[in-house]
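J.: Quick check, what structure comes out for this input:
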Amino acid sequence: MLDMPPEESLEDMDKALTVDPDLSQSMPPWIASRLDAAEIILEHKFKDRNLLLHALTHPSAVEERAVDNSYERLEFLGDSYLGAIIADMLYRRFPDLDEGGMTRVKISLVSGESLSRKASELGIADLILFGSSEHGTGKRGLHSALENVFEALVAALVLDAGIYVAQEWVCRVLADEISVHQAEEPDNPKSNLQELLQEQHITPTYELVAAAGPAHDRTFTSRVLAEGQELALGVGHSKKAAESAAAASALAAIKAQGDEDSG
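T.: As a prediction, the model looks like this:
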């Protein structure tokens, strides 16, 4: 994880984040070099380099500044564009896959693990602008930032050059990640529940309800919700296990309700 060079002042960031149609006149060299490297990765020369700068800027680097100075708003937009691009690619590439199969492949491709790994492989980790508050977060903080920046870069491409340029880049860098085997039925309660609810255009969410016990033997309770309504609770010795148990309980409840309705 690379942070802002200690010898560079916050005035440099203020200068860089000032909207300027010709950033070559105001961009500190250490920031400009990262934008140059990002353009090589994206295979696109930006007309508005502010978009690219913001896509690479972690919120910690611009604390107490305007919200659009970091990647957060671009990430929000990029998440939707990325989902649409992947859906279109799968629809065209796998004409024999049903909706469930395409959903499973899409979930695999846009997962945080997949996007952060691909961003790391592309060398994006060395380009992100972090602030001092991120010191000590290590790989955990970087993993999340890589996923967010990948999505923000997709949005930056769309805004600067249009959806087709972004689509070409996404398809190019994720092509090797796609496998028809990803469409196979997973033995995973969370994935099964997400696929089931996706048919109703609903995405389940999970919340930690409670954590109890000593540090070496903690018990977690989580709940799964659909559109704000609680479906089920789950208990486990990790947050992941508790969420999986909640999903399994929700699936069982949905199946029981279905059997009752058809009985």
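
J.: Go ahead and confirm Ile233 touches Leu208.
T.: That one is not Ile; residue 233 is Leu. No: when contacts are counted by Cβ atoms under 8 Å, Leu233 is not listed as touching Leu208 (11.1 Å). For the C-beta atoms, the positions are set from N, CA and C on the backbone; glycine is no exception.

J.: okay, the two: which has more neighbours?
T.: Neighbours were tallied for Leu233 and for Leu208 using other Cβ atoms under 10 Å; the higher tally belongs to Leu233 (16 against 12).

J.: Report the set of residues contacting both of Leu233 and Leu208.
T.: By Cβ atoms under 8 Å, 6 or more residues apart in numbering, Leu233 and Leu208 have these common neighbours: Thr221, Ser222.

J.: Give me the contacts around the helix or strand where Asn148 lies.
T.: Assigned by DSSP states H and E, Asn148 falls within helix 138-161. Helix 138-161 is contacted from outside by 1, 38, 42, 44, 46-48, 51-52, 54-56, 58, 71-72, 74-79, 81-82, 85, 112, 115-116, 118-120, 124-125, 128, 130, 134, 165-166, 169-170, using Cβ under 8 Å, 6+ apart.

J.: any idea which helix or strand comes after it?
T.: Per DSSP H and E, the helix or strand that comes after helix 138-161 is helix 163-174.

J.: Toward the C-terminus from that following helix, list the very next helix or strand.
T.: helix 189-198.

J.: Give the buried residues for the helix holding Asn148.
T.: 141-143, 145-161 (16 or more other Cβ atoms under 10 Å).

J.: now the angle from that helix to helix 163-174?
T.: 150 degrees (axes from the mean of the first three to the mean of the last three Cα atoms, to 10 degrees).

J.: In CSV, please show the C-alpha coordinates belonging to helix 138-161.
T.: Extracted in CSV, the C-alpha atoms of helix 138-161 (Å, rounded to 0.1, in the frame of the first residue of the first chain):
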residue,chain,number,x,y,z
GLY,A,138,-2.3,-3.4,6.0
LYS,A,139,-3.8,-5.9,3.5
ARG,A,140,-7.3,-5.6,4.9
GLY,A,141,-7.6,-1.9,4.0
LEU,A,142,-5.9,-2.4,0.7
HIS,A,143,-8.2,-5.3,-0.3
SER,A,144,-11.3,-3.1,0.1
ALA,A,145,-9.7,-0.1,-1.6
LEU,A,146,-8.7,-2.2,-4.7
GLU,A,147,-12.3,-3.4,-5.2
ASN,A,148,-13.6,0.2,-4.8
VAL,A,149,-11.0,1.7,-7.1
PHE,A,150,-11.7,-0.9,-9.8
GLU,A,151,-15.4,0.1,-9.9
ALA,A,152,-14.5,3.8,-9.7
LEU,A,153,-12.2,3.4,-12.7
VAL,A,154,-15.1,1.9,-14.7
ALA,A,155,-17.2,4.9,-13.9
ALA,A,156,-14.4,7.3,-14.8
LEU,A,157,-14.0,5.6,-18.2
VAL,A,158,-17.7,5.9,-18.9
LEU,A,159,-17.9,9.6,-18.0
ASP,A,160,-14.8,10.4,-19.9
ALA,A,161,-15.2,8.3,-23.1
